[in-house]
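**Q** Here is a sequence together with a model predicted from it:
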Amino acid sequence: MADYHQMWEDLGMDIETHDQLCEVLPQAFGDVYLSQENRPEGMDYFNFVVAEIHGVRPAELIEHQKKGGKVFGTFCVYVPDEIVFAADAIATGLCGGSQFWVPGGEKVLPTNTCPLIKASVGARLDRTCPFFRIADMYVGETTCDGKKKAWEILAEDVPVHVMDLPQMKREKDVQAWADEIRTFKEVVEKETGNTVTAQSLHEAILLINKKRKALSRLYDLRKNEKLPISGKDALLISQIAFYDDPTRFAEMTNKLCDELDQRVKDGVSVFPAGTKRIMLTGTPLAIPNWKLHNLVETSGGAVVCEEMCTGTRYFERLVDEAEGTVDEQIDHIAERYMGINCACFTPNSARVDDILRLAKEYHVDGVIDVNLKFCSLYDCEGYHVEKALKEAGIPVLGIETDYTDSDAQQLRTRISAFIEMLNN
Amino acid sequence: MPMEQEIQYYVLFPNHDNGMRLHRELKKKGLSSVIAPTPRQASKCCGISLLIKEEETDAVKDVIEEADIETLGIAQIKKDVNPNRDRYC
């Protein structure tokens, strides 16, 4: 148990308040993760990352800064990490998945803002997240109204660059996004003092694709009838992908997948035969938001897939790896990222297609449509999602929740009843 | 009579390097260890500890000595793991 107090103090953190998070994390992690039987050994690496989450990786980022490197904090799967790494900088996710940070956000944001935004702003303003303290610049986007206003508040404190994400998917919108990525490249080049070259961008594309391939391999293993890994373990890996060094992350995820391949060969499953296969779809589950997975997996279900930003939206489809000029490669990046189907687009029927396809690929028995409270985009889109699933004969349960524990018992009852219904 | 509560054994470290080293050494020797966040009852610091088996504590102590790994001892804590507690963070 390393002592990071000096580092946190140097970062200007509120150590006393931050300590409240340190206090509750071990028990929550123990209840959700260490209670599992027959976990893959390869999960030890991810246990390590969680145990040291505000220590080891922040220390690495600080070391990078000491050598003159820059760190960009990002909030969304549309922000292309490739540009950041191509300029010898590091992109990292920021804090936003715990109720611990929400009251801090409510000091400046309306209560009826989604918990992810409130937690992110609270983590920064209350000085209780090392990643928010370390990042030289935050990169926002226009994926929802709440975020757009949050950037303005954060920008009072730290440099923020906002990427204007188109809200439709016509050819001109893809081109507009490519132009927005070009502007982002200029911002990153100015901040770092480094030039993004055709070579460095090509290498960065390969680097981030490696991470996508590792996650894709992990998810493919969840398509097996016998599940070699639990949904909550897979979620943890997806969550850590946003923070970890991409090379190390891909290596450790592939190592785990080697072990899981063997489990599949040996017919090992972490769930009893007949456990109902559940897919979650909807809003993201940022670390340490493990509530829904834990509820499902302690109520007779197994989460086999997440159609979420902390799931398939993050890694499906690669950026074209063909070498070319910087401009050509940026076009490839824009095409890949505009293929993500977020509820901020209209129309967004491709997301419904994704859900139906994934339900088939992962042999899903039922879908839970999850909405973080006050996310009107995903909430409204639930109409089409649930209608399409019903038409396809796939049972669906719509759930609205936040980061508090107060609805856990009620959710457990509803989820148990849903899974019980799947058995009939 | 209530059942006696199970005790868990956690090896504590001054830093993660020693913890990861011991984890590797134990694996080589076929001894079990799970990397875990340090339980609050064991220490107020954040960071890793190693959860080991009761019957292997003596063997683990031998490895610590042989490999010259710096630890802060082995904490014994009453097992308190409940996946239905529904207290998240």
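**A** Yes, it's here. For clarity, every value in this text was computed on a predicted model and none was experimentally measured.
**Q** could you pull out the helices for chain B?
**A** According to DSSP state H, chain B carries its helices in the segments B:16-28, B:57-66.
**Q** Pick the most deeply packed of those.
**A** For those, average neighbour numbers computed from mean count of other Cβ atoms under 10 Å in any protein chain shown are highest in helix B:16-28, which has a mean of 18. The way it works is simple: take the backbone N, C-alpha and C, and place the C-beta from them, glycine included.
**Q** In a markdown table, list the helices of chain B along with distance to chain A.
**A** Converted to a markdown table, these look like this (distance: least, Cβ to the nearest Cβ, whole Å):
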| stretch | distance to chain A |
| --- | --- |
| helix B:16-28 | 5 |
| helix B:57-66 | 16 |
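**Q** Let's have those helices in CSV, adding mean pLDDT.
**A** Shown next, in CSV, are the helices of chain B (pLDDT from 0 to 100):
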stretch, mean pLDDT
helix B:16-28, 96
helix B:57-66, 97
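**Q** Export the ones you listed as CSV, with columns for distance to B:K44.
**A** Listed next are the helices of chain B as CSV, based on distance: least, Cβ to Cβ, whole Å:
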stretch, distance to B:K44
helix B:16-28, 16
helix B:57-66, 23
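**Q** Count the neighbours of residue 78 for me.
**A** All of this is about chain A. 22 (other Cβ atoms under 10 Å in any protein chain shown).
**Q** hm, I was asking about chain B
**A** 10.
**Q** and if you look at A:E23?
**A** 14.
**Q** next one: A:L165
**A** A:L165 has 22 nearby residues by other Cβ under 10 Å.
**Q** hang on, it packs against A:T143?
**A** Yes - using Cβ atoms under 8 Å, A:L165 makes contact with A:T143 at a distance of 5.9 Å.
**Q** Give the residues shared as contacts by these two.
**A** Contact criterion Cβ atoms under 8 Å, 6 or more residues apart in numbering or on different chains; residues bridging A:L165 and A:T143 by contacting each: A:78, A:344.
**Q** Chain B contacts on the stretch 251-400 of chain A?
**A** Contact residues, the stretch 251-400 of chain A versus chain B (Cβ under 8 Å from any Cβ of the partner chain): A:288-291, A:294-295, A:298.
**Q** near chain A, which residues of chain B?
**A** Contacts of chain B with chain A, taken as Cβ under 8 Å from any Cβ, map to B:12-16, B:20, B:23, B:34-40, B:42-49, B:51, B:72, B:80-89.
**Q** Restricted to buried residues, select the residues you listed in PyMOL.
**A** In PyMOL, a selection of the buried entries from the residues of chain B next to chain A looks like this (16 or more other Cβ atoms under 10 Å in any protein chain shown):
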select buried, chain B and resi 12+13+15+16+20+23+34+35+36+37+38+39+40+42+43+45+46+47+48+49+51+72+81+83+85+86+88+89
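**Q** Count the neighbours of A:L206 for me.
**A** 13.
**Q** tell me the mean pLDDT for stretch B:82-89?
**A** Across stretch B:82-89, pLDDT averages out at 95.
**Q** Starting from the one helix or strand A:A302 maps to, tell me which strands it pairs with and how they run.
**A** Element membership for A:A302, per DSSP states H and E: strand A:301-307. Here strand A:301-307 is paired, per DSSP bridges, with strand A:276-282 (parallel).
**Q** quick one: contacts of the strand it pairs with?
**A** Residues contacting strand A:276-282 (Cβ under 8 Å, 6+ apart): A:231, A:292-293, A:296, A:300-308, A:311, A:355, A:358-359, A:362-372, A:378, A:382, A:385, A:419, A:422-423.
**Q** so where's the stretch 51-200 of chain A shaky on pLDDT?
**A** By pLDDT under 70, the stretch 51-200 of chain A has no low-scoring segment.
**Q** Around chain B, which positions in it sit nearby?
**A** So the stretch 51-200 of chain A meets chain B at A:51-52, A:54-56, A:98-100 (Cβ under 8 Å from any Cβ).
**Q** farthest-separated two in the residues you listed?
**A** The widest separation within these, taken as Cβ to Cβ, falls between A:V56 and A:Q99 and amounts to 24.3 Å.
**Q** Show me which of the contacts of strand A:276-282 are buried.
**A** By 16+ other Cβ under 10 Å, the contacts of strand A:276-282 give A:231, A:292-293, A:296, A:300-308, A:311, A:355, A:358-359, A:362, A:364-372, A:378, A:382, A:385, A:419 as buried.
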